[in-house]
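Undergrad: Got a sequence here, can you build the structure:
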Amino acid sequence: MLLIDDRCCPECWDSIKYRCHDLVDCMTTGPLCHDRKECREKTSKRTRELRRDQISRPVIFIGAGTCGLGAGAQKTIDAVRAWLKDKAIEADVVETGCIGFCSVEPIMDVQLPGKARLSLQQVTGDVATGLLETVFSNQIPEEKHILCQFRNENHEAWNGVPFMDEHPFFSAQKRWVLANCGRIDPTSIEEYIAFGGYRALSKALGSMTPAQICEEVKKAGLRGRGGGGFPTGLKWELALKQNSDQKYLICNADEGDPGAFMDRAVIEGDPHRVLEGMMIAAYAIGASKAYVYIRAEYPLAIKRLKEAISQAQAYGFLGENILDSGFSLQIFIKMGAGAFVCGEETALMHSIEGKRGMPSPRPPYPSERGLFGKPSVINNVETYANVSNLISNGADLFSSIGTERSKGTKVFALSGRVTNTGLVEVPMGTSIRFIVNNIGGGIPNGKKFKAVQIGGPSGGCIPDSHLDILVDYEELKKVGAMMGSGGLVVMDESTCMVDLAKFFMDFIQRESCGKCIPCREGTRRMLEILESITRGRRSEKGSDALLRFQGIMTLTELAEVIRDSSLCGLGQSAPNPVLSTLHWFRDEYEAHIFERRCPAQACKDLLTFTIDQEKCKGCTLCAKKCPNGAIMGAVKTPHYIIPDKCISCGTCKEVCRHNAVQVQ
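TA: Just a heads-up that it's a prediction; the model follows:
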C-alpha cells in the first residue's frame, strides 16, 4: 500500500497521496519519497501551481455550470478567448462549475500574477472584454460588476473590494460540500488532489477497516441528505454485516423535485468529491460494483462524471487493487428518463435492472436484498460528498457543527421570490428566516413574505409565523414539513397557496407510477377537487356546484387515506402540500370556496375585471384587444365590461394606459 502518512514531509502530504511520479514525473515511491529533496521541491512547486498560490501568467475563471451557461456564459467564454487572441496575451481560461450565486451569473474571476483572484458578476459577452481591459490595467471595474475577491495571504488584495468571506451571500455559509465548486477546474483530477482530494480514500484504505469507517460515520452523526434522514453509518453497517458474494453501492442523482438543483451543481463543479465518497462507502460495505443513477436531462453533469471516472481509473483510484490495498471497485453510470418515482430507492433499483421503475414493498430492505437481489446501499449525491471531509478531519469535527440530532451542513437550492437565488450551504440549526432574509436578501420589489416551500412535493409550506424554525430533521416535521433533498422555494404575497397546492398535486398525479390505487386514483381525485375550488361559476353546469362542495368536504379525509395506505414513501407524502397549505392558509381556501375569490389574484377564473369610470378616457384600446369582445363603449366615453363574456385573460389591464382596469 503506497500511503503518504504523518512520517512524510508536509510538501509530500499536501501534494499527492499515492504514486507521486504520476503527478510530478518523480519515479520515487512510498517511503523513499520524503527522503528525496528533489521530489519534495517538485511536489511543493506543482501543488502551489495547481492551487494557483503562484502563477506566472493571468488566469481567467468562468462559471460554466448549467446555470452559468443558461445566463450566457458560453458567449462570455468566446468573447474572452477572442480578446486574448486579438491582444496576443497568454493566459489560462478555466471553465469552473457553479459557485452557487446563480442570480448574478455569468460570473468571471480574473487572477493576475501576484494579485488576489477578483470575482466579477453579470459578465455577459458584450461587457466581458471591457472588464478585462480594466482589470488587466490594474484598475477596479465599476461597482455593479464587482462581486468579491478571494482571500489569500500570498496575494496582494484589491483595495475597496470585499473578500468572499465578507459578502452577505457567502459569509454565513459553511462550505464543506461546495468547497471546490466554482473554484477549481472540475475536469482536472490534479487540481482536486492538490486541494486535498483522495486523501480520505488513502486514509480509509491504508489505516481503517470497513467496520471502523461505519463506526466513524455513525459517530459523526451523518444522516442521509436525500429526504428521510436515515443514519448513514447505520445503513452501511447493516449492509456490511450481510454475507454475500456480491454487494452494490448506488448513488441517487435522479433529483426529481421541482426547484431542486443541488446534486446537478455538485457533480458539475466537483465530481471527484462524489466519486471519492462513493469509493469509501463501497469499501465500507464490501461492494465491488457501484452505480450512479442520474437523469439524462443532466448532460453536463454526465459528461463531468464520465471524465472523472476515466481519470480516476487512469490514476489508480478505480479498478483492480486500488492503491495496492486489495480493494477493487467499478463505477457505472445509469441514465434515467426523469421519472419522479425513480427517486424512490426500490423503483430506482428496478430501473437499473432494466425493469419499469415501480416501488416494491419493504421489508426486505435494500441492505438485505436490493439491486439484483444482493445487499445494496443507496445514498444521494450530497451524502457521498460529505464523506471525504468526514474521514479526513474526523467525526468530532463533523459532529461539532449542527444540532443534537442533525449534524454537519445542508445544501439548499434557494429559488422563487427571493433576491439572491442559488445554492447555499449552511450549518444544521440555522433558521429558515436567516436563510431567506440574510443570505437570500429578502423579498424583492417591496412585497411581503408569505411562505417557503421546503422538501419539494413531499414537503410542506412554512408560514411567516414559523419562519424562525431551525434546519433540523425533527424540528421541520413539527410544522408539517420535511428536509427533503433541499429545495427551498420562497413565495411572496402574490402567490396563491391553493394554486400552489394544485401545481404540486398535478405534478404528483402525473408522476405517479400507478402501481397502488390510493396514490393513482386518490391524487387524481384530489387534483379534481382543487381544480373545482379554483374554477369560476361560469364554467359550471348542472349539479357541478353541489359536487364541488361534496368533494371539498372529503378533501382532508381523502388525503389521510392516501397518506396511510400508499405503497411507497412518495405516495405516502403526496398529500403533504395540500395538508400543509390547508393547515396554515385555511383562510385562502375559504375565500376560494365560499366567496369564489382569490386573495392573491392568481387564479384567473376567479378574477373579476371592472373599469373605473372616472379614470377611463375612452381610448378604445382595451376593447380592440379584448379577445372575446367583452368590453363595450363609445370613443372618448367610459367603457365597461360585460361579466358574462369576460374570460379573465387580463389583456385589458395589460394594455390600459390610464390604470383604469381594476381587478378583484
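
Undergrad: Quick one: residues contacting Ala308.
TA: Contact partners of Ala308, counting by Cβ atoms under 8 Å, 6 or more residues apart in numbering, are Pro186, Ile189, Pro271, His272, Leu275. C-beta here means a position set from N, CA and C on the backbone, and glycine is covered the same way.

Undergrad: same question, Leu467
TA: Ser431, Ile432, Arg433, Val436, Phe449, Val452.

Undergrad: so the third one touches Ser465, yeah?
TA: This means Arg433. No. Distance between Arg433 and Ser465: 10.8 Å, which falls outside the contact criterion (Cβ atoms under 8 Å).

Undergrad: which of the two has more neighbours?
TA: Comparing Arg433 with Ser465 by other Cβ atoms under 10 Å, the one with more neighbours is Arg433, at 17 against 9.

Undergrad: Check the contacts of Ala308 against Leu329 and report the nearest one.
TA: Using Cβ to Cβ, Leu275 comes nearest to Leu329 of the contacts of Ala308, at 9.9 Å.

Undergrad: Would you check that that closest one makes contact with Gln311?
TA: No. Using Cβ under 8 Å, Leu275 is not in contact with Gln311; the gap is 9.3 Å.

Undergrad: So these two - more neighbours on which side?
TA: Counted by other Cβ under 10 Å, Leu275 and Gln311 do not tie: Leu275 has more neighbours, with 31 against 19.

Undergrad: Three-state assignment for the more buried one, please.
TA: At Leu275 the chain is in helix, as set by DSSP: H, G, I helix; E, B strand; the rest coil.

Undergrad: which residues does it contact?
TA: Leu305, Ala308, Ile309, Ala312, Phe317, Leu318, Ile331.

Undergrad: Could you count how many residues lie near the closest residue to the fifth one other than its chain neighbours?
TA: Closest residue to Phe317 apart from its sequence neighbours, by Cβ to Cβ, 6 or more residues apart in numbering: Tyr198 at 6.1 Å. Applying other Cβ under 10 Å, we find 25 other residues in the vicinity of Tyr198.

Undergrad: follow-up on the earlier one: can you redo the contacts of Leu467 as JSON lines with pLDDT, distance to Asp165 and secondary structure?
TA: Output for the contacts of Leu467, formatted as JSON lines (pLDDT from 0 to 100; distance: Cβ to Cβ, whole Å; DSSP: H, G, I helix; E, B strand; the rest coil):
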{"residue": "Ser431", "pLDDT": "97", "distance to Asp165": "21", "secondary structure": "strand"}
{"residue": "Ile432", "pLDDT": "96", "distance to Asp165": "23", "secondary structure": "helix"}
{"residue": "Arg433", "pLDDT": "96", "distance to Asp165": "22", "secondary structure": "helix"}
{"residue": "Val436", "pLDDT": "96", "distance to Asp165": "21", "secondary structure": "helix"}
{"residue": "Phe449", "pLDDT": "96", "distance to Asp165": "27", "secondary structure": "strand"}
{"residue": "Val452", "pLDDT": "95", "distance to Asp165": "26", "secondary structure": "strand"}
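
Undergrad: Which one of these is nearest to Val59?
TA: Using Cβ to Cβ, Val436 comes nearest to Val59 of those, at 35.0 Å.

Undergrad: For the closest one, which non-adjacent residue is spatially closest?
TA: Per Cβ to Cβ, 6+ apart, closest to Val436 is Val490, 5.8 Å.

Undergrad: Report the secondary structure state of that neighbour.
TA: Here Val490 is strand, with the state taken from three-state DSSP.

Undergrad: For it, give its distance to Thr637.
TA: Separation of Val490 from Thr637 (Cβ to Cβ, to the nearest Å) stands at 45 Å.

Undergrad: Show me which of these two is the more surrounded one.
TA: With neighbours defined as other Cβ under 10 Å, Val490 and Thr637 compare such that Val490 has more, 25 against 12.

Undergrad: what are the bridge partners for that one, then?
TA: Beta-bridge partners recorded for Val490 (DSSP bridges): Gly416, Val452.

Undergrad: ok, now Arg223?
TA: Beta-bridge pairing for Arg223 (DSSP bridges): Pro231.

Undergrad: In this structure it contacts Tyr473, no?
TA: Yes. In this structure, Arg223 is within contact of Tyr473 by Cβ under 8 Å, at 6.6 Å.
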